[in-house]
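1. Need a 3D model of the sequence below.
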Amino acid sequence: MLTLLRKLLDTSKKDIDNLQPILKQINDLEPTVQNLSDDELKAKARSFRDRAKGGEDLDKLMPEVFATVREVSKRTTGMRQFDVQILGGMVLHQGRIAEMKTGEGKTLVAVAPIVLNALTGRGSHLVTVNDYLARRDAVWMGKIYHFMGLSVGIIQGQNQESDELGGSYMYAPGADEMGDPRYLDMVPCSRRDAYSCDITYGTNHEFGFDYLRDNMAFSEEELSMRELNYAMIDEVDSILIDEARTPHIISGPSYEDVSVYNQINAVVKQLQPEVHYTADKKNHSANMTEEGMDFVEELLGIENIAADPRLFHHVNASVKAYALFTRDIDYVVQKGEVVIVDENTGRMMFG
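-> Predicted coordinates for the structure are as follows:
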């Protein structure tokens, strides 16, 4: 029954069949593109940008662009995109998910659709899972982008657990400014300059936090990102499902009286599980019982805690902290600061 349902609901084969005519166009163009000189290929890339900025439909440009990128890839990296990689790139351009088997070259699959969507000058983002991959793939594929006349930015975080240098960079062939062999062909730049590049590589966390920071900006000069256009996500199941359970939160210095936290902490420490509150770790919830609320009101010397929403919030938050979070599992304390541990990766989330 399940096999039958999969056959009825799975349109993958039909979708691939529908892309075969476009794949044939790309393959038919290959002999012509192979005969072009480097200068002629670069001129062709410039013409693509002019046509895209002039409003030509990217779907119409796709066969020529993909055929050109395939040839440029051969000349600059020694790797030719196979038909399965071309098909994967077409699916990604359409905004859909492409599942590639191990060894089918996901890094190279991304290049053609990233180039195609960067031609308009409005930017393309490639979202990956860690700083190492952002740097490695941007530099590795940077030869292709550079040949096509496109600039490349790299956004890295400042994670204390990573040995990556962190910061913002632009791809620059031959550069050696960082004194680190891993950062060859990269020059440091501002966050804004990295986002102003035609193509920007970075992690989901960095893109997410930069977006939040931009929404807190008071002037245009404080913005890092520009208007969002196109993004491709590597390991989409991990980023949009697993890691999406961990919220991105930006905090700033508090100027409020923090003595209330010590007061509430002293009260909540005296509460007994299953008597004064119930906890459900699976659903990540904790709630005070009627007896618990009466006990808290007695300890605080007030008649109705619900009449003070701010105080009620602090008590509930403290109950959840004690009931749902375990030290050295869900969080650690370093140098007097609490650091949350990512439940998906087991890594500490500094900052």
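2. contacts, neighbours, all on C-alpha from now
-> Noted.
3. Residue 184 - how many residues pack around it?
-> 17 (other Cα atoms under 10 Å).
4. Show me this structure divided up by domain.
-> Domain assignment for the chain by automatic domain parsing gives 9-109, 121-248, 277-349.
5. I'd like to know which of the ones you listed is closest to residue 115.
-> domain 121-248 (7.1 Å; Cα to Cα).
6. Leaving out sequence neighbours, find the closest residue to residue 279.
-> Nearest residue to residue 279, sequence neighbours excluded (Cα to Cα, 6 or more residues apart in numbering): residue 286, at 4.2 Å.
7. State whether that neighbour is indeed within a helix.
-> No. The assignment for residue 286 by DSSP: H, G, I helix; E, B strand; the rest coil gives strand, which leaves it out of any helix.
8. OK, contacts around it?
-> Taking Cα atoms under 8 Å, 6 or more residues apart in numbering as the criterion, residue 286 is in contact with 277-280, 316, 319-320, 323-324.
9. ranges for the helices of the stretch 151-300 of the chain?
-> 191-196, 204-214, 236-237, 259-268, 290-300 (DSSP state H, counting those that start in this stretch).
10. ok, of these, where does mean pLDDT dip lowest?
-> Confidence, taken as mean pLDDT, is least for helix 236-237 of the helices of the stretch 151-300 of the chain (a mean of 87).
11. which residues of the stretch 101-250 of the chain score low on pLDDT?
-> 159-161 (pLDDT under 70).
12. Relative to residue 334, how far out is residue 319?
-> For residue 319, the distance to residue 334 equals 22 Å [Cα to Cα, to the nearest Å].
13. The two: who's more crowded?
-> More crowded of residue 319 and residue 334, by other Cα under 10 Å: residue 319, with 27 against 8.
14. Could you report the pLDDT at that one?
-> Listed pLDDT for residue 319 reads 93.
15. just residue 283 next, same as before
-> pLDDT at residue 283 comes out at 85.
16. Can you give me the neighbour number for residue 232?
-> Neighbours around residue 232, by other Cα under 10 Å: 20.
17. Quick check: bridge partners of it?
-> When assigned by DSSP bridges, residue 232 has beta-bridge partners residue 126.
18. tell me the contacts of it?
-> By Cα under 8 Å, 6+ apart, residue 232 lies in contact with 92, 110, 114, 124-127.
19. which of the residues you listed lies closest to residue 39?
-> residue 114 (21.9 Å).
20. By residue count, what's the longest helix in the chain?
-> helix 12-34 (DSSP state H).
21. what sits up against the next helix or strand after that helix?
-> Toward the C-terminus, helix 12-34 is succeeded by helix 38-53 as the next helix or strand (DSSP states H and E). Helix 38-53 is contacted from outside by 33, 58, 61, 65, 68, 72, 119-121, 147-149, using Cα under 8 Å, 6+ apart.
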